[in-house]
Structures are given as C-alpha cells and as structure tokens.
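Undergrad: Build me a model:
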Amino acid sequence: MFLRREVRGLVLGAAGLAWLSLCVLPCTFPLRAEAQSPLPPTVQGGVATLNVGGTGESGVERHQDRKLSGYISGTVVDTAGAVAVGAQVRLGREDQSPTQEVFSGNNGQFSFTDLPPGPFRLTTMAAGFENQEFFGVLRPGEAYIVPEIRLAIAPVVTEVKVVELTQVELAEAQIKEQEKQRVLGLFPNFYVTYVPDAAPLAPKQKFELAWRSTTDPFTFVGVGAIAGVEQAFSDFGGYGQGAAGYAKRFGAAYANVFVGTFVGSAILPSLLKQDPRYFYKGTGHAGSRFLYALANVVICRGDNKRWQPNYSGILGSFATGGISYLYYPASDRNATQLVLQNSLIRFGETAFENVLQEFVLRKLTPRLQNQHSVQP
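TA: Residues are numbered from 1 along each chain as shown. Down below sits the predicted model:
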C-alpha cells in the first residue's frame, strides 16, 4: 500500500510539473526575446546606424574614424627665405565641403587637423605677393607636410589711359605750359611755342593769353624801365620831369603795351584767324634761322596751320601808333610822324625779339622740358 501511494504521488507530481510548464513557458519566452531585441535604428547622414544599449556609434567605430582623419601642415616664406607671418592659407576640397582658412604664425607655419582623406587644394595669399596654389591628396590617417611655400612679389601693373583731346583742350593744355615759360625763371616768355605742330588757339584763348601777359608783374617792371629811359633822355618833353612826368611816361608806355598786345595778338588774330605766337624753328644753319626770325615780322601761322602774311601784326602796329596819338602830349602829336614812329619801333622790337627767341631765350628758359609732354 505504501509503495502504491508513493508511485501515485510521483505520477501526480510529474503531471503537475508538466502542466505548470505549459502555462508558464509561453509567457516567459516572449519576454526574454523582447528583452534581447535591439533598439530601433537611427539615421545619421543618410546611413542607418544600429543603436545598442541606447548609444550611437560604438567606441570601435569612433576609434576607426579617428584613425582615418588626417593632418596637413607647412611653412610659408617670402622671396628672401624669411618666414612670412600672417599669410592667409585657404584649404579647399573637391567634395564641395566648406573651405577652411588659417594664418601663418610667428614661425611661418600653419596646420589643418581632423581632415577626411581625399584631394585638396591650398591657396596662400599675402599683401604685395602673388597667390600661390598647391594641390595634393591626403591619405587616411596621414600627416601631410606641404613643401615649403615661397611667395613671389606681385608684378606692378601700370595702367595707361590714352585720352583723345579736342583741338581746344589740347591748345589749352599747351597754353598752360607756355605760361610757365620765364626767361631766367622771372621774365614772361608766353608768346613762343616750342611745339612744331602746336594746336591753333581759339579766340577766347587768344584773349586769355593777352590778359595773362599784360597783367604779369614783370610786365610792369619792364614798362617802368622804359619810362625811366624816356625820362632820362627827356623823350616826350610835354610830360615834364619829376614824379608827375615819370607817371605820365609810365602810363603811356603801359598803354602802348596793353593796346598793342590786345589789338595785335588778340582782336585782329581772332578776326583774321591767325596765330599770334612765334613758332621756334631751331633747325638748319644760322643764316636760315636768322632770316626766318626776321620774316616772322611780316608772315605768321594761320589757324589752318599754313603760313600767310602777318596782317594782324602789321595792322596791329599801325593801330597802336594811331591810338597812342590820343594820350601823347600835344607838342608831340604829329599824327603822321607819331604813328609811323611807333609802328616802326614796334616792328623793330618784334624783329629783335624774334632773333632772341631763335638763338638766345630758349637756353635761358628753364621750364621748356614740360612743353614736350603736351603734343598733338
């Protein structure tokens, strides 16, 4: 009986365990499977990365990335081989990644770190130097040392602009140079041009040149000297002596200069289209140059650049003599004699001045080199 009860107990115990297993195991296995399943993958940079234990890439992957990163360094020097401080170095990549920029340090060195492998381009820039470019390929984990970058001095570029001047503008520029011409650096020498093909003057320019000449301080000095000589020789005795006589002679002499310059060098040349200036010859033997200087009393250059009779100079001399009849003393107002005398004096003065211009005054005028900078 006892054995039978023991066997039945064993059978019942085994059956109970079997039933317990059928009830418990279906609930246990899924829980274990669920606990072991990985977390959902995350997407970074378009690549799916499996997260394990709630972290991103594993330490092994991070170590591999560090192992793949490279390093670029180099030195910048100038043309003499001295280190170049503050040179700008720009790193560009073919993968369209943003460029990086650094500046060379006190030792001329520069560096870029944590760089992915691949082709690269270095551009070195510095003020006063040409840009230098260097191309290379960085391998995984490589420390790339760029050969010494030597800067070259940038060439100096001079921009020359050629400006087409009108005849009036060209003549104005040439007049400005003429007005700098002074014998011994003092006495005005405005009515001579050393440019063989000088631009003709416009009427306004002829009047401006006449005004500039008659109002120059040294014109008054010359007139004062003439008045002094006339007083010393008692010319035009009707003026008397003393300060009053000198003042009258000074006024008459200046009136001759003023009227003669404006009538013979501005009014008539504008009406007759003639150039009042003396055109320096400077070539040929002395005899031909002497005759040329004398001939310029009765011939002149027209505004058309052709030689023609000097109507302006001839008529201007007679007109000046005729006008002087109005202010010379009554005792000296023999109209025919006064006009002829003053006209001949003016012709002689012009001839003498032309000879001086051709042979002497050019050497005594220090600003002539500027004339050659303004030519047609």
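Undergrad: Find me the pLDDT at the residue lying closest to residue 94 once chain neighbours are set aside, would you?
TA: Nearest non-adjacent residue to residue 94, counting by Cβ to Cβ, 6 or more residues apart in numbering: residue 119, 4.8 Å away. In short, each C-beta sits where N, CA and C put it, glycine included. At residue 119, the model reports a pLDDT of 92.
Undergrad: For residue 119, identify the helix or strand it belongs to.
TA: Counting by DSSP states H and E, the element that carries residue 119 is strand 118-125.
Undergrad: and that strand, which strands flank it?
TA: Here strand 118-125 is paired, per DSSP bridges, with strand 88-93 (antiparallel), strand 132-138 (antiparallel).
Undergrad: And the average pLDDT for the helix or strand following the first one is what?
TA: On the C-terminal side of strand 88-93, the nearest following helix or strand under DSSP H and E is strand 100-103. Model confidence over strand 100-103 averages 94 on the pLDDT scale.
Undergrad: Check stretch 361-376 too.
TA: Stretch 361-376 shows a mean pLDDT of 65.
Undergrad: swap in stretch 184-191?
TA: Stretch 184-191 carries an average pLDDT of 92.
Undergrad: now the helices: where do they sit in this structure?
TA: If DSSP state H is used as the criterion, the helices of the chain fall at 2-36, 59-68, 167-178, 203-214, 217-232, 242-262, 268-272, 286-295, 311-324, 335-359.
Undergrad: any idea which of those helices scores lowest on pLDDT?
TA: helix 2-36 (a mean of 42).
Undergrad: how far away is the residue positioned nearest the centre of the chain from residue 131?
TA: Most central in the chain under Cα atoms, centre = their mean is residue 159, positioned 7.2 Å from the mean C-alpha point. Per Cβ to Cβ, to the nearest Å, residue 159 is found 20 Å from residue 131.
Undergrad: Residue 147 too?
TA: Using Cβ to Cβ, we find residue 147 at a distance of 17 Å from residue 131.
Undergrad: Between the two, which is the more surrounded one?
TA: Applying other Cβ atoms under 10 Å to residue 147 and residue 131 shows that residue 131 carries more neighbours, namely 13 against 9.
Undergrad: I'd assumed residue 122 was in contact with that one.
TA: No - taking contacts as Cβ atoms under 8 Å, residue 131 lies outside contact range of residue 122: 10.6 Å.
Undergrad: need the contact list for the spatially closest residue to residue 255 that is not a sequence neighbour.
TA: Distances taken as Cβ to Cβ, 6+ apart put residue 327 closest to residue 255, at 5.9 Å, once the chain neighbours are dropped. Applying Cβ atoms under 8 Å, 6 or more residues apart in numbering, one finds that residue 327 lies in contact with 251, 252, 255.
Undergrad: For the residues you listed, pick the one with the most neighbours.
TA: Neighbour-wise, these (other Cβ under 10 Å) top out at residue 252, 21 neighbours.
Undergrad: And the closest residue to that one other than its chain neighbours, how far from residue 68?
TA: Closest residue in space to residue 252, ignoring its immediate chain neighbours: residue 327 at 5.7 Å, by Cβ to Cβ, 6+ apart. Using Cβ to Cβ, residue 327 is found at 107 Å from residue 68.
Undergrad: got it, and residue 289?
TA: For residue 289 relative to residue 68 (Cβ to Cβ), the value is 91 Å.
Undergrad: Same check on residue 151?
TA: Distance from residue 151 to residue 68, by Cβ to Cβ: 33 Å.
Undergrad: what does residue 135 give?
TA: 21 Å.
Undergrad: Neighbour count for the two, which is higher?
TA: Per other Cβ under 10 Å, whichever of residue 135 and residue 68 has more neighbours is residue 68, with 14 against 10.
Undergrad: From what I see, the more buried one and residue 115 are in contact.
TA: No - using Cβ under 8 Å, residue 68 makes no contact with residue 115, being 9.8 Å away.
Undergrad: so how many other residues sit close to the closest residue to residue 290 other than its chain neighbours?
TA: Nearest non-adjacent residue to residue 290, counting by Cβ to Cβ, 6+ apart: residue 355, 6.6 Å away. Using other Cβ under 10 Å, residue 355 has 17 neighbouring residues.
Undergrad: Mind checking the helices of the chain for the one nearest to residue 100?
TA: helix 59-68 (17.8 Å; Cβ to Cβ).
Undergrad: wait, what's in contact with residue 198?
TA: Contacts of residue 198 (Cβ under 8 Å, 6+ apart): 171, 174, 277, 279, 376.
Undergrad: I misspoke; the intended subject was residue 226.
TA: residue 253.
Undergrad: distance of residue 120 from residue 84?
TA: For residue 120 relative to residue 84 (Cβ to Cβ), the value is 21 Å.
Undergrad: Find the nearest non-adjacent residue to residue 129, please.
TA: Of all residues not flanking residue 129 in the chain, residue 151 sits nearest, at 4.0 Å (Cβ to Cβ, 6+ apart).
Undergrad: Please look at residue 268 and residue 310 and confirm they touch.
TA: No - between residue 268 and residue 310 there is no contact under Cβ under 8 Å: 9.9 Å.
Undergrad: Overlap in contacts, those two.
TA: residue 274.
Undergrad: So between these two, which is more surrounded?
TA: Ranked by neighbour count (other Cβ under 10 Å), residue 268 and residue 310 place residue 310 first, with 26 against 21.
Undergrad: Run through the bridge partners of the nearest residue to that one once chain neighbours are set aside.
TA: Nearest residue to residue 310 in three dimensions, chain neighbours excluded: residue 300, at 4.0 Å (Cβ to Cβ, 6+ apart). Judged by DSSP bridges, the bridge partners of residue 300 are residue 308.
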